[in-house]
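**Q** coordinates only, sequence not included:
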């Protein structure tokens with residue numbers, strides 16, 4: 001009865017937070033970060049590329065890897081889980097989507113202005129002055145393992161860097177504040193496809209729980225968040241979330 005119970009709680013929600021992690025995008029064929037290397041790129045440990053030090057040492061290698069990842073995202077499509085999240089927001093106007101993912105699949109599925117805790121592949125910025133930079137059109141997508149020189153900032157001519165959070169960097173202050181505020185005031189938080197291991201992002205569901213919000217988890221596996229969740233729905237987001245929407249609002253909400 002967990003799905004029916006979760007649907008009843010969802011239908012009653014007035015201030016909803018949907019908190020998503022890598023498992024959501026993996027169902028669209030986007031490799032999780034630790035698996036985000038295939039072919040020649042498999043020679044590199046992502047953790048050695050996703051650092052400011054790596055970019056300073058070899059900006060063309062790091063930029064090329066992120067351009068390859070962004071090209072893969074552009075080929076992907078939002079899955080039924082992403083569409084279900086947008087359907088929830090249509091039914092619960094006070095919905096905030098908070099994501100650890102750096103892709104744009106929530107936006108393409110119809111979710112307005114998700115909070116990107118770990119930045120975005122589609123928000124490059126200057127490595128020196130932080131001036132936002134245009135998103136390359138993808139025409140120069142590198143082959144696997146190819147270096148690709150990053151563009152230069154239009155303001156100061158320093159190399160442009162990917163707009164993601166690297167190891168050793170703090171989360172974007174505004175995004176973290178918005179996520180914590182949304183979790184603090186919500187009456188329900190739905191955590192989807194996240195391991196609950198990456199801090200400080202993993203603290204977001206716990207904030208909601210401490211404030212008395214109902215926390216429901218959708219994940220095929222057990223996670224450290226199980227203990228703070230009122231219900232744990234085991235299964236992939238692309239299956240569970242559409243079923244949850246239909247159970248909450250009927251066939252009119254079919255996704």
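**A** Received it, and whenever you're ready, just let me know what you need. Nothing here was measured: the structure is a model prediction, and the numbers come from that model.

**Q** Every contact and neighbour count from this point should use C-alpha atoms.
**A** Will do.

**Q** Identify the spatial nearest neighbour of residue 49, chain neighbours not counted.
**A** residue 62 (5.9 Å; CA to CA, 6 or more residues apart in numbering).

**Q** pLDDT weak spots in the chain?
**A** By pLDDT under 70, the low-scoring segments of the chain are 1, 33-42, 138-141, 143-145, 251-255.

**Q** contacting residues around the residue nearest the centre of it?
**A** Per CA atoms, centre = their mean, the C-alpha nearest to the average position across the chain is that of residue 101, at 2.1 Å. The neighbours of residue 101, taking CA atoms under 8 Å, 6 or more residues apart in numbering as the test, are 20-22, 25, 116-120.

**Q** Check these for burial and list the buried ones.
**A** Buried residues within the contacts of residue 101, counting neighbours by 16 or more other CA atoms under 10 Å: 20-22, 25, 116-120.

**Q** could the contacts of residue 101 be laid out in CSV, adding secondary structure and distance to residue 200?
**A** CSV is the format used below for the contacts of residue 101 (DSSP: H, G, I helix; E, B strand; the rest coil; distance: CA to CA, whole Å):
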residue, secondary structure, distance to residue 200
20, strand, 14
21, coil, 13
22, helix, 16
25, helix, 20
116, strand, 13
117, coil, 10
118, coil, 11
119, strand, 14
120, coil, 17
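
**Q** Output those residues as a markdown table; include the columns distance to residue 105.
**A** Shown next, in a markdown table, are those (distance: CA to CA, whole Å):
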| residue | distance to residue 105 |
| --- | --- |
| 20 | 11 |
| 21 | 12 |
| 22 | 12 |
| 25 | 8 |
| 116 | 12 |
| 117 | 15 |
| 118 | 14 |
| 119 | 13 |
| 120 | 11 |
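
**Q** For residue 181, state which of the residues you listed is nearest.
**A** Using CA to CA, residue 117 comes nearest to residue 181 of the contacts of residue 101, at 13.1 Å.

**Q** That closest one reaches residue 169, doesn't it?
**A** No: the pair residue 117 / residue 169 is not scored as a contact, 11.9 Å apart, by CA atoms under 8 Å.

**Q** Now stretch 159-173: buried residues?
**A** Within stretch 159-173, the residues that count as buried by 16+ other CA under 10 Å are 159-166, 171.

**Q** Same check on stretch 104-119?
**A** Applying 16+ other CA under 10 Å to stretch 104-119 flags 104-106, 109-111, 114-119 as buried.

**Q** swap in stretch 124-134?
**A** Neighbour-count burial for stretch 124-134 flags 124-127, 130, 132-133 (criterion: 16+ other CA under 10 Å).

**Q** what ranges do the helices span in the stretch 151-255 of the chain?
**A** Under the criterion DSSP state H, counting those that start in this stretch, the stretch 151-255 of the chain carries helices at the ranges 173-185, 203-210, 237-249.
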